[in-house]
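Okay, structure incoming, though there's no sequence with it:
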């Protein structure tokens, strides 16, 4: 068996030449997960869809801070188009799809949770709410339990965040937020088995992309895909918006 160390994450990809299989191993635990191909470690990323507070008539939803806005009408439409990309050819018997997905990790802000909500429902997954990939320098979001109780969203209330609210520190720009999100994404790739979809903001998506070999900002409701290739992260798609009609 040959071992390749993944950049940034501390994982190793162990390939068996005879069988052609791949296993992802965490050196700290020695635990491995197996699959027929390297897609078991794939990472997907989207930025929340268009936000409602850019419209003149917008007012905060009851109980929400001005920073925690919902999606605009255009944003809701874009979310439906993004969802179609993740549910193409889904097998109703076992939920398998041409895009494999095991986990959905979202910033706690409402616009992010609502962006991935239709995907979670369609794929039968819960949403892991992670403040570590949240917005720049603000704690004006609802916690996972409150989101689940108020909106009946499929929130994973047993999920333990990498960076809980009380561990967030003051930040003075996108670079600090990106660094925080990068560390969070790396830690989650180590912790979780199977393909992950992250949903963040401009700065946090910048950091998530950097964690897996990408660079640069991405647009609203865009599609990014990162894969392991010969022991290193490779960008399969970054900021793709071909699925959007507008």
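Sure thing, it's come through. Since the model is a prediction, treat every value here as computed from it, not as a measurement.

helix/strand/coil for the spatially most central residue of the chain?
Nearest to the mean C-alpha position of the chain, counting by CA atoms, centre = their mean, stands residue 198 at 0.4 Å. Put simply, residue 198 is strand when judged by DSSP: H, G, I helix; E, B strand; the rest coil.

contacting residues for residue 175?
By CB atoms under 8 Å, 6 or more residues apart in numbering, the contact set of residue 175 is empty. Backbone N, C-alpha and C define where each C-beta goes, glycine included.

distance of it from residue 136?
Shown here: residue 175 relative to residue 136, a distance of 10 Å by CB to CB, to the nearest Å.

same thing with residue 99?
29 Å.

Identify the residue spatially nearest to residue 243, adjacent ones excluded.
Counting by CB to CB, 6 or more residues apart in numbering, residue 243 lies nearest to residue 85, which is 4.8 Å off, once chain neighbours are set aside.

Make sure that neighbour is actually in contact with residue 223.
Yes: in this structure, residue 85 is within contact of residue 223 by CB atoms under 8 Å, at 6.0 Å.

Can you pull the phi/psi pair for residue 232?
phi -130, psi 160 (degrees, to the nearest 10).

For it, report the pLDDT, please.
Note on residue 232: pLDDT of 94.

So in this structure, which helix runs the longest?
helix 174-191 (DSSP state H).

That one: which residues count as buried?
Residues of helix 174-191 classed as buried by neighbour count (16 or more other CB atoms under 10 Å): 174, 176-178, 180-190.

coming back round to it: for the residue nearest to the centre of the chain, give me its contacts.
For residue 198, the contacting residues are 43-46, 105-106, 133, 185, 188, 205, 208, by CB under 8 Å, 6+ apart.

Give me the subset of the residues you listed lying in helices.
Mapping the contacts of residue 198 onto helices (DSSP H) picks out 185, 188, 205, 208.

related to what we said a few turns ago, touching both of residue 85 and residue 223, which residues are there?
Contacts common to residue 85 and residue 223, judged by CB under 8 Å, 6+ apart, are residue 243.

can you give me the strands for the chain?
Secondary structure of the chain by DSSP state E: the strands cover 2-5, 12-16, 21-25, 32-35, 43-47, 103-106, 127-129, 196-200, 223-229, 232-240.

coming back round to it: CSV for the contacts of residue 198, including pLDDT?
Formatted as CSV, the contacts of residue 198 follow (pLDDT from 0 to 100):
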residue, pLDDT
43, 98
44, 98
45, 98
46, 98
105, 98
106, 98
133, 98
185, 98
188, 98
205, 98
208, 98
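
Filter these down to the buried ones.
Buried among the contacts of residue 198 by 16+ other CB under 10 Å: 43-46, 105-106, 133, 185, 188, 205, 208.

Can you pick out the most distant pair from these?
Using CB to CB, the two most remote members of the buried ones among the contacts of residue 198 are 46 and 188, lying 15.4 Å apart.

List the residues that contact residue 137.
By CB under 8 Å, 6+ apart, the contact set of residue 137 is 170-172, 177.

Actually, residue 51.
With contact taken as CB under 8 Å, 6+ apart, residue 51 is in contact with 69-72, 75, 111.

What is the burial count for residue 104?
Residues lying near residue 104 (other CB atoms under 10 Å) number 24.

from what I can see it touches residue 197, true?
Yes: counting by CB under 8 Å, residue 104 does reach residue 197; the two are 4.9 Å apart.

residues shared between the contacts of these two?
Joint contacts of residue 104 and residue 197 (CB under 8 Å, 6+ apart) are 116, 119.

picking that back up, who's more crowded, residue 85 and residue 223?
Neighbour count, other CB under 10 Å: between residue 85 and residue 223, residue 223 has more, with 23 against 18.
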